[in-house]
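>>> model the structure of this input:
(chains A, B, C and D)
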There are 4 protein chains.
Amino acid sequence: MRVGVLTGGSDCPGLNAVLRAVVRKGAQVYDDEFVGFRDGWRGVLRDETVPLDITAVRGTLPRGGTILGSTRTNPLLLDDGLDRVRGTLARHRLDALIVVGGTATLGVAARLADDHGVPLVGVPKTIDNDIPLTDRTVGFDTAVGVATATIDRLHTTAESHKRVLVVEVMGRSAGWIALHAGMAGGANCILIPERPFSVEKVCEWVESRFRATYAPIVVISDSALPESGEITLRHDVTPPPGADPRARLSGVGEWLGREIERRTGKEARTTVLGYVQRGGSPSPFDRWLGTRFGLHAIDAVHDGDWGTMTALQGNRIARVRLADATSTLKTVDPAQYEEASVFFG
Amino acid sequence: MRVGVLTGGSDCPGLNAVLRAVVRKGAQVYDDEFVGFRDGWRGVLRDETVPLDITAVRGTLPRGGTILGSTRTNPLLLDDGLDRVRGTLARHRLDALIVVGGTATLGVAARLADDHGVPLVGVPKTIDNDIPLTDRTVGFDTAVGVATATIDRLHTTAESHKRVLVVEVMGRSAGWIALHAGMAGGANCILIPERPFSVEKVCEWVESRFRATYAPIVVISDSALPESGEITLRHDVTPPPGADPRARLSGVGEWLGREIERRTGKEARTTVLGYVQRGGSPSPFDRWLGTRFGLHAIDAVHDGDWGTMTALQGNRIARVRLADATSTLKTVDPAQYEEASVFFG
Amino acid sequence: MRVGVLTGGSDCPGLNAVLRAVVRKGAQVYDDEFVGFRDGWRGVLRDETVPLDITAVRGTLPRGGTILGSTRTNPLLLDDGLDRVRGTLARHRLDALIVVGGTATLGVAARLADDHGVPLVGVPKTIDNDIPLTDRTVGFDTAVGVATATIDRLHTTAESHKRVLVVEVMGRSAGWIALHAGMAGGANCILIPERPFSVEKVCEWVESRFRATYAPIVVISDSALPESGEITLRHDVTPPPGADPRARLSGVGEWLGREIERRTGKEARTTVLGYVQRGGSPSPFDRWLGTRFGLHAIDAVHDGDWGTMTALQGNRIARVRLADATSTLKTVDPAQYEEASVFFG
Amino acid sequence: MRVGVLTGGSDCPGLNAVLRAVVRKGAQVYDDEFVGFRDGWRGVLRDETVPLDITAVRGTLPRGGTILGSTRTNPLLLDDGLDRVRGTLARHRLDALIVVGGTATLGVAARLADDHGVPLVGVPKTIDNDIPLTDRTVGFDTAVGVATATIDRLHTTAESHKRVLVVEVMGRSAGWIALHAGMAGGANCILIPERPFSVEKVCEWVESRFRATYAPIVVISDSALPESGEITLRHDVTPPPGADPRARLSGVGEWLGREIERRTGKEARTTVLGYVQRGGSPSPFDRWLGTRFGLHAIDAVHDGDWGTMTALQGNRIARVRLADATSTLKTVDPAQYEEASVFFG
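Next up is the predicted model:
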């Protein structure tokens, strides 16, 4: 078969593992040929391709990013988007498309498959881990690793000095990175977007922590928000079209640090991890997951199982409907957050 | 309640995360008191204890090993073992026991609970990941990380020179570490105990790899064996009583390296990872898993759910019967091994 | 002999290596006894001590921070500071003092030794590496490692997207961390306090980089400043007494990111590493250096070589005058900066 | 100018940093053109080349190995070696050669330059750090880092169990890796080739360590030897021509482990690090050192300073005579070894 492949949305570690597995199994087992599209859906719209064969994927397993490039382009926002997608597929005589992406990219894929009959399968990736029906998404474990290593390092400063340390991690709509890294790093307080926080309560934890041992570490998602009326963030205007919507909320970590200083009289320092979380060599887990997703995605193509997405369920790779996996976001379960709260303060 | 806690079997990363979570939730939420037993079941037999309270577990989350110590002692091998266990529990007026261990340690726990009514719950840990009914055991992810980092480093030597590189990893009866690290590290051949290997086939892969690109990397479990009649290992006698049974098979990596040299005429070099795989700071995944297991184990104690073990099933922590989890080993599924074989050669 | 020990200034990785070596050699070879002062000079002023013997230093080699604690207290700013220092030394019958610190802490030590006859020796530590007469200070190598690992991770985002990535690293008065991490990480532009920068020139580099390959990475010291008149930083008022003077300049990285966006029309993202750089397990180099400094410091005490500081010169540990080592700061040599500039743009 | 470049001897981390710096500065500042020779002197003898320009070195800074490949070929062992070297240089109209290597490769370079007038300069690299007149060689810091990380991990097993842990590290003729990693990792005994060891003394340390705290960690160079008459190593025959001479001594770590078991009755386990030490991403120090060496080597070429080698002396890059740097090996100074021995036992 002739198979097109694209990676869409923000880049994240483990994408190359997916591509390598798709190509190795496709070429060796099924005798497939591949066309890589540059920069996500944009490459399909513009018919810009990247060579994608066994040589191209060699040595890419430990590398972050994606050899195909990635953008947030959404073809369904254009009047002629669907036609251009179809045109490109026809021009390259493609029998199928493999779409690797987050909620937005896969949401487009779901509609193309279900409403317009485009023969495609999806693979879920995002450091945010907010896609339902799969235990984990590619990229999440690595992001948690970066954030946890940061918290580990901050503990020594917390022990030696008397400063509150705030760590702002990513998490557009779901607090999974904050929750997992906060638990793994031994944070004294974890703030997530699913649960508006009370600055007063945070300050109570800070002060009780000082009394009990040493300086506290507060982990906060960059989209967490205080209970109403308390905050004016730096970029509080509507972001320009095409900009990362995350930009809107930038600054909550520094804001919280200043609020803690103001209310408790303790010095506070904020570390903003930013893009470090989505870069660098993928963790072994993400390489294993990406590899297995890639192997199963090419199988799904050969089964003609259009409109499905690979999903980790236990240790099994399942197939779920793209439409089901993109109709909602998987946010942090309140019970899991409660579980973690025994370590607060 | 008064709760005794022990860690048995080989040490592994993430044990302290379990202990810390048990104690934090037990003390803070349930107002429990804890008695730590030194060195696994031996501490119970000898009534040797270690202080186990919030102060004792502070700062232990990122540390490998176990603050309680560990041995392979099996109380049921002693005539008076059961009585001594009961005696110690009575002496400390313990209402329950939390047993953290691998198959052997938990197997003892299952019998004590089911046959002798000892009120206990179990938590599965082992770098070997060979306990059924749980997706993963505490310690496995870290061991895979160490092995993968090693393979990553060896790739540069493989690229620059013409030598076959053999990496011997742990895996007493199951090849999970070899499989996951081999997949994550991009090994060219993975040999596991579940599947006796043909040295001839390995040499074919080695030679085809040399033709295709550069020197191959072979990952082998330390208990993998060639098809019959081909090997005489160094420690082929019965190990002394009490010794690590693993010792019996020590040397298969070096043996394979020499066989490859002899048959292909290529130089081969072996790295024996050994105990490095079970030491050091636990990965974020193992800290998260250990923490959740600890939180749920103390809940199970308060539910009086004796004879159960915490288990990861998807993202949920379930309870399974210790008897079911220890009646067999979870070995590598042939289908998963086949999946990985697309990368061989 | 009876020897007091203190660590002053900001904490940094490798301090415990110094303490451990001092105590091991002192106790085992010279039969010394030690008194640890809590929180730098403040512990001397207040006569607050911490146990410091072989048991106390056991297992501390790989740990960041300092088991003694640290503050920026300067006894010579108090009217009765000198008397209180002398009083504490007399009360504990101390024959000598070992002072581990940066320029400020060691400057106090120099005056106490030279002007007031206090029998002491110094050990240089600071992540800033700005102490003259020693090739490196304890803590610098680790901080460079943290910053370099961050830049490594950002490269994958830079490759996959079209954003300028700004990394703000520490460096109060000297740009050593920025220079070394920028060189080791392959930054496309390095901005240091010793050389006021032209935003226009930075934007030229950014644009030429985009033309040549992919998105640029800009490394900037948190005390680097643009050429006059261009900047209004967030904390531009005099910091409160006792506050970290670094606070004054906080924000230059984000400011630069916004300036680049404004002038080039490219999106920019800033990572502020902050305290992560001074925390965590010391690098092997810093453990080796700290250990050797500790061994030589206790030798200097037994030689009665008061007023000296251990210094790395080549592979040799030398002794230099504290007064000479604290009379000036070691800033980045213009020739070394020029050397690095071949990689800019 | 037209400049040939080769990397010889065993590969090690940081070689690509040298190549990248040579090419970036040569091409951008001096308008040089480069010819890369494949696999060290062999590529010169056979006239096999590799493209070496700014594109070829892009992105190689964090990568281990060498993009040129490497072998141990010595052209001066061939009757017509010198003529073939001259022929290749003439054929490519090369004005100079930059030779990156260890003692053997640079020794050839010294003779070619001094005895035969070949216009060349050298750059010292080897994980063994055994080249005189330079504080450190490229690759050493990374190898120490790998070995130290291993020792760190073994500490947790040493704490939890009762086993002696032996770590065999590389060090052909000099014990620098063992010394530095042993000091940085907190080993309880360090054995180096410069100082034949007494197994009896090692067992005394092992037993005193058990009495004092927990299980000991013994670090041993793979070429360290016991005092005469005690050992029969596995590969005790003369290695085949062309084989790594190191092979001759393979096995001392396992031998020592068994001796310790036999004499003390304690279980012992050996980890053989092997090639892991010379692979993987170079440390920030090695990238910085390799980069500076490369920048200065191309300067030396343009100064016509033939027969010299770049050398780190303090923080300065000096030039020394290749003949002086290769006439002897820099072994571990007895005083430095004594210094470390305070931590033994």
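>>> would the helix or strand containing A:Thr105 count as contacting chain C?
Taking DSSP states H and E as the criterion, A:Thr105 maps to helix A:103-116. No. Figure legend: helix A:103-116 not in contact with chain C (CB under 8 Å from any CB of the partner chain); closest approach 13.8 Å. C-beta: built from backbone N, CA, C; applies to glycine.
>>> using PDB, list the CA coordinates for that helix.
Extracted in PDB, the C-alpha atoms of helix A:103-116 (Å, rounded to 0.1, in the frame of the first residue of the first chain):
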ATOM      1  CA  THR A 103      -6.900  16.400  20.400                       C
ATOM      2  CA  ALA A 104      -7.100  19.100  17.700                       C
ATOM      3  CA  THR A 105      -5.200  17.200  15.000                       C
ATOM      4  CA  LEU A 106      -7.000  14.000  15.700                       C
ATOM      5  CA  GLY A 107     -10.300  15.800  15.900                       C
ATOM      6  CA  VAL A 108      -9.800  16.900  12.300                       C
ATOM      7  CA  ALA A 109      -8.900  13.300  11.500                       C
ATOM      8  CA  ALA A 110     -12.100  12.000  13.100                       C
ATOM      9  CA  ARG A 111     -14.200  14.300  10.900                       C
ATOM     10  CA  LEU A 112     -12.300  13.500   7.700                       C
ATOM     11  CA  ALA A 113     -12.700   9.800   8.400                       C
ATOM     12  CA  ASP A 114     -16.300   9.700   9.600                       C
ATOM     13  CA  ASP A 115     -17.900  12.500   7.600                       C
ATOM     14  CA  HIS A 116     -15.800  12.400   4.400                       C
END
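>>> contact partners of whichever helix or strand comes after that helix?
Toward the C-terminus, helix A:103-116 is succeeded by strand A:120-124 as the next helix or strand (DSSP H and E). The contact list for strand A:120-124 (CB atoms under 8 Å, 6 or more residues apart in numbering or on different chains) reads A:18, A:96-102, A:106, A:109-110, A:112-113, A:131, A:134, A:137-138, A:293-294, A:297, A:300-301, A:305-311, A:322, A:325.
>>> run the last query once more with 6 Å
Residues outside strand A:120-124 that contact it (CB atoms under 6 Å, 6 or more residues apart in numbering or on different chains): A:18, A:97-100, A:106, A:109, A:113, A:131, A:134, A:137, A:293, A:297, A:300-301, A:308-310, A:322.
>>> now do the helix or strand following that strand: distance to the chain's middle.
Going down the chain from strand A:120-124, the next helix or strand is helix A:140-160, by DSSP H and E. A distance of 19 Å separates the centroid of the chain from that of helix A:140-160, by CA atoms, centre = their mean, to the nearest Å.
>>> same deal with stretch A:51-70?
Worked out by CA atoms, centre = their mean, stretch A:51-70 lies 19 Å from the chain centre.
>>> near chain D, anything from it?
No. Figure legend: stretch A:51-70 not in contact with chain D (CB under 6 Å from any CB of the partner chain); closest approach 9.6 Å.
>>> filter the contacts of strand A:120-124 down to the buried ones, PyMOL style.
To isolate the buried ones among those in PyMOL, judged by 16 or more other CB atoms under 10 Å in any protein chain shown, type:
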select buried, chain A and resi 18+97+98+99+100+106+109+113+131+134+137+293+297+300+301+308+309+310+322
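>>> one step back: what residues of the helix holding A:Thr105 count as buried?
For helix A:103-116, burial by neighbour count (16+ other CB under 10 Å) applies to A:Thr103, A:Ala104, A:Thr105, A:Leu106, A:Gly107, A:Val108, A:Ala109, A:Ala110, A:Arg111, A:Leu112, A:Ala113.
>>> centre of the chain to that helix, how far?
18 Å.
>>> can you check stretch A:112-128 too?
16 Å.
>>> touching stretch A:272-284 from outside, list them.
A:12-14, A:62, A:64, A:127, A:141-143, A:145-146, A:168-170, A:253, B:144-145, B:148, B:184, C:150, C:153-154, C:156-157, C:269, C:271-272.
>>> span of it from start to end?
25 Å (CA to CA, to the nearest Å).
>>> could you report the distance from A:Glu33 to A:Asp53?
Between A:Glu33 and A:Asp53 the distance is 8 Å, computed by CB to CB, to the nearest Å.
>>> same question, A:Leu273
Separation of A:Leu273 from A:Asp53 (CB to CB): 36 Å.
>>> same deal with A:Gly290?
18 Å.
>>> more neighbours: which of those two?
A:Gly290 (31 against 13; other CB atoms under 10 Å in any protein chain shown).
>>> quick check: the more buried one touching A:Val18?
Yes. When contacts are counted by CB atoms under 6 Å, A:Gly290 is listed as touching A:Val18 (4.4 Å).
>>> okay, and the helix or strand of chain A with the least pLDDT?
The helix or strand with the lowest mean pLDDT-type score in chain A, counting by mean pLDDT, DSSP states H and E, is strand A:268-272 (a mean of 90).
>>> buried ones in that strand, by neighbour count?
Across strand A:268-272, burial judged by 16+ other CB under 10 Å covers A:Ala268, A:Arg269, A:Thr270, A:Thr271, A:Val272.
>>> residue contacts, the first one?
When contacts are counted by CB under 6 Å, 6+ apart, A:Ala268 is found next to A:Val164, A:Gly257, A:Ile260, A:Glu261.
>>> partner residues bridging it?
A:Val164 (DSSP bridges).
>>> which members of the contacts of A:Ala268 occur in strands, if any?
A:Val164 (DSSP state E).
>>> buried ones among the contacts of A:Ala268?
A:Val164, A:Gly257, A:Ile260.
>>> and which of those is nearest chain B?
If you rank the buried ones among the contacts of A:Ala268 by distance to chain B using CB to the nearest CB, A:Val164 comes first, at 18.3 Å.
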